[in-house]
Each structure stands twice: as structure tokens, then as C-alpha cells.
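> A predicted structure for the sequence below; I have some questions about it.
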Amino acid sequence: MKDDKKYIKYGKLLPGLIHNLNSPLMGISGRFELLQMKFPDEKSLAQITTQIERLNEMLTTVSFLLSKESSESPTENDLKELLEQFVSFMVADKRFKHQVAKETEFEQYVIVFNVTDFINLMYHILDYLLGFIDTETIIKISNTKNIVNIEMTLKSSISNNLDIKCFIEKNTHPEVSSKFKMETHTSDNAVMIKLVLEN
């Protein structure tokens with residue numbers, strides 16, 4: 001994708017677009033707050049304000065991730081904040097939003113690592129796992145300092161087709177996967193993946 005000129009051009013425009021969208025959103029939000037004060041019993045105004053706040057949160061999340069991914073070199077990052085924003089971004093995926101019960105337990109830990117490679121690897125792993133979801137699926141993402149744990153639990157047994165190591169080898173650039181130590185364990189109805197980030 002780095003060689004795609006259109007991607008590069010539009011990728012550079014996105015932060016400015018997000019900034020320009022935030023200004024009118026804040027203006028609209030302010031007007032609705034005034035209307036709420038004037039008509040406190042009008043429930044629809046409160047609902048509109050809530051939706052505006054959700055839009056603002058989504059734009060803030062995308063802006064945060066874009067700013068983190070702008071550097072190709074390792075940078076110092078708060079892993080807790082990064083994981084929180086990443087999970088918030090993943091909610092845009094309908095499978096993750098509607099078909100999965102999410103559990104998160106993030107511990108603050110500042111570490112120097114390549115955010116672009118980490119986010120790409122996390123996205124690939126979750127995208128792969130979401131292909132195996134059933135009606136009652138739980139995905140838990142947590143970290144203990146520099147170790148990130150991803151665990152998926154299904155109500156039914158896991159398909160024999162699931163091979164996370166094979167998937168990573170085939171779909172992730174070797175330079176990316178080699179930067180993170182990865183351990184995987186599969187039981188009858190659960191997959192556990194451990195990523196180790198190192199300075």
C-alpha cells in the first residue's frame with residue numbers, strides 16, 4: 001500500500017479532513033445544548049447530542065491512530081491508550097460490534113515500538129478470528145505490561161480450519177511478524193494469542 005500513490009495522497013489528507021469535520025460538529029453540539037436548556041423535556045434533543053458525541057469520539061479515535069501510524073520508526077507509546085483506541089476503532093466492524101461480547105483489561109505501560117506494524121498485526125489477527133464467530137462469542141483483549149493477550153471463546157467447538165500461525169505467515173509481511181514474539185494455544189472452544197512487544 002505504501003507504493004500506491006492514491007493511498008498516500010488521501011492518507012495525508014485524512015487528518016485535515018477529520019480536523020475540519022470536528023469544528024462544525026462542535027458548533028452543532030453547542031447549539032443542541034442550548035436547545036436542551038431551553039426545552040429540557042424534549043428527549044429527542046438529548047438523543048441527537050449523544051449521537052454527535054459518538055461521531056466526535058469516532059473522529060478522535062481515527063485521528064489518534066493516524067497520528068500514531070504516521071511514523072515508520074519505533075516511537076514511545078502508552079500501550080493502554082493505544083489498545084483502548086484500537087478497540088474503539090474496531091467497533092466500526094459490524095461483526096465486532098454486534099456479534100461479539102468484548103472484554104478489555106488494559107494496564108498502563110509506556111514502551112518504544114513500531115505502532116504501524118503492531119496495529120496491522122492486531123487487525124489481521126482479529127479479522128481472522130472474527131471469521132470463526134458464532135452466536136455467543138467472547139473476545140477478551142488485555143495486557144500485562146508489554147504482553148498483549150487476545151482470547152476468543154466460542155459456545156461451539158472451534159473449526160479445524162483455524163490455524164492462526166499459518167494465517168500470520170501467509171498474510172503478514174515477515175518483517176512485521178518477526179518484530180513481535182507470538183505464542184498461540186487452541187483448546188476445544190478457545191483460542192489464546194500472546195504478543196510480546198520489546199523495546
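Everything's here; your move.
> and Thr153, that one's in a strand?
Yes. Under DSSP: H, G, I helix; E, B strand; the rest coil, Thr153 falls within a strand.
> pretty sure it is touching Phe132, no?
No. The criterion here is CB atoms under 8 Å, and Thr153 misses it with Phe132 at 11.1 Å. Backbone N, C-alpha and C define where each C-beta goes, glycine included.
> roughly how far apart are the residue nearest the centre of the chain and Ala101?
Nearest to the mean C-alpha position of the chain, by CA atoms, centre = their mean, lies Phe86 at 2.4 Å. Applying CB to CB, to the nearest Å, the value for Phe86 to Ala101 is 18 Å.
> ok, now how distant is the residue of the chain most remote from its centre from Asp134?
The C-alpha centroid of the chain is most remote from Lys38, which lies 38.3 Å away (CA atoms, centre = their mean). Remark: distance between Lys38 and Asp134 (CB to CB) = 49 Å.
> for Leu35, same thing?
Counting by CB to CB - Leu35 and Asp134 are separated by 44 Å.
> just after the helix or strand hosting Gly30, pick out the following helix or strand.
Following DSSP states H and E, the helix or strand that holds Gly30 is helix 5-38. Moving toward the C-terminus from helix 5-38, the next helix or strand (DSSP H and E) is helix 43-69.
> tell me what Val100 is bridged to.
Counting by DSSP bridges, Val100 is bridged to Thr137.
> list the contacts for Phe64?
Gln85 (CB atoms under 8 Å, 6 or more residues apart in numbering).
> sorry, that was for Leu126
90, 96, 139, 150.
> so which of these are in strands?
Of the positions in the contacts of Leu126, 139, 150 sit in strands, assigned by DSSP state E.
> from the contacts of Leu126, which two are the most distant?
Within the contacts of Leu126, Phe96 and Ile150 form the most distant pair, 12.3 Å apart (CB to CB).
> so what sits against both of the two?
Contacts common to Phe96 and Ile150, judged by CB under 8 Å, 6+ apart, are 126, 139.
> okay, now Leu82: neighbour count?
23 (other CB atoms under 10 Å).
> can you check Phe180 too?
20.
> separation between it and Tyr128?
15 Å.
> cool, Lys165 as well?
Distance from Lys165 to Tyr128, by CB to CB: 11 Å.
> compare those two (neighbour count), which wins?
Tyr128 (18 against 13).
> which residue packs closest to that one, ignoring adjacent ones?
Phe167 (5.0 Å; CB to CB, 6 or more residues apart in numbering).
> what about that neighbour, which helix or strand?
Element membership for Phe167, per DSSP H and E: helix 164-171.
> how does this protein divide into domains?
Listed by automatic domain parsing, the domain ranges of the chain are 5-69, 75-196.
> next, the distance between the ends of the longest one.
Think domain 75-196. Start and end residues of domain 75-196 are separated by 16 Å (CA to CA, to the nearest Å).
> Ile48 touches Phe32, doesn't it?
Yes. Between Ile48 and Phe32 there is a contact under CB under 8 Å: 5.6 Å.
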